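> Mind looking at a prediction? Sequence and model below.
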Amino acid sequence: MNAGHRLLIRLTGGKVGHSAMGMPVVELTTRGRRSGEPRTVLLTAPVHGDGSYVVVASRGGDDRHPAWFLNLRANPDVEVAVQGGPRVPMRARIADPADRATLWPQIAGKYRNYAGYQRSTTREIPLVHLEPRG
């Protein structure tokens with residue numbers, strides 16, 4: 001799906017693909033937890049403001065965490081680009097249970113696809129804050 005999304009952005013010169021369902025699309029770059037190589041994925045950010053973003057580690061409701069989540073859990077120093085802009089150094093922080101309890105109803109209430117993903121799996125889908133470093 002990411003390859004198709006990137007193609008859409010490239011073919012439209014960035015006019016289409018930088019938002020989805022009213023959410024900004026962020027380009028998240030993590031370091032592979034085993035390889036150390038940069039890994040980049042496009043994600044929607046249902047909560048955002050002041051240069052910070054919250055992304056959902058849903059993997060479409062799969063029972064396994066997405067690779068990008070496992071990577072940032074091993075190394076929380078990431079880079080984020082928005083609307084084709086430059087990569088900005090950020091730090092990933094997994095929402096704690098109290099934070100998730102506040103954010104999840106807002107996200108799932110507004111974006112029903114996330115609620116459906118949670119119903120599809122027994123794992124609790126993590127929320128991740130992406131915040132500017134230093």
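Cool, got the structure. Numbering: from 1, shown residues only.

> Could you pick out the longest strand of the chain?
strand 23-31 (DSSP state E).

> for this protein, what spans make up the strands?
19-20, 23-31, 38-44, 47-49, 52-56, 77-82, 88-94, 127-132.

> So which of these is the most surrounded?
Counting by mean count of other CB atoms under 10 Å, strand 52-56 has the highest mean neighbour count of the strands of the chain, with a mean of 22. For the C-beta atoms, the positions are set from N, CA and C on the backbone; glycine is no exception.

> Can you work out which other helices and strands pack against it?
strand 23-31, strand 38-44, strand 47-49, helix 97-110, strand 127-132 (3 or more CB pairs under 8 Å, 6 or more residues apart in numbering; DSSP states H and E).

> what stretches of the protein score poorly on pLDDT?
1-21 (pLDDT under 70).

> let's see it at 50
5, 7, 11, 17 (pLDDT under 50).

> related to what we said a few turns ago, any chance of the strands of the chain in TSV, plus distance to Asn113?
TSV is the format used below for the strands of the chain (distance: least, CB to CB, whole Å):
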stretch	distance to Asn113
strand 19-20	10
strand 23-31	10
strand 38-44	9
strand 47-49	15
strand 52-56	9
strand 77-82	21
strand 88-94	21
strand 127-132	15
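
> Compare the helices and strands packed on strand 52-56 and give me the one nearest Asn71.
Shortest distance between Asn71 and those, using CB to CB, is found for strand 23-31: 3.7 Å.

> What helices and strands are in contact with the closest one?
By 3+ CB pairs under 8 Å, 6+ apart, strand 23-31 packs against strand 38-44, strand 52-56, helix 67-74, strand 77-82.

> Using PDB, write down the CA coordinates of it.
Output of strand 23-31 as PDB, limited to C-alpha atoms (Å, rounded to 0.1, in the frame of the first residue of the first chain):
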ATOM      1  CA  MET A  23      -5.600  13.600   8.400                       C
ATOM      2  CA  PRO A  24      -2.100  14.700   7.400                       C
ATOM      3  CA  VAL A  25       0.100  12.000   6.000                       C
ATOM      4  CA  VAL A  26       3.500  11.900   7.600                       C
ATOM      5  CA  GLU A  27       6.600  10.100   6.200                       C
ATOM      6  CA  LEU A  28       8.200   8.400   9.200                       C
ATOM      7  CA  THR A  29      11.700   7.100   9.000                       C
ATOM      8  CA  THR A  30      13.000   4.700  11.600                       C
ATOM      9  CA  ARG A  31      16.200   2.700  11.900                       C
END
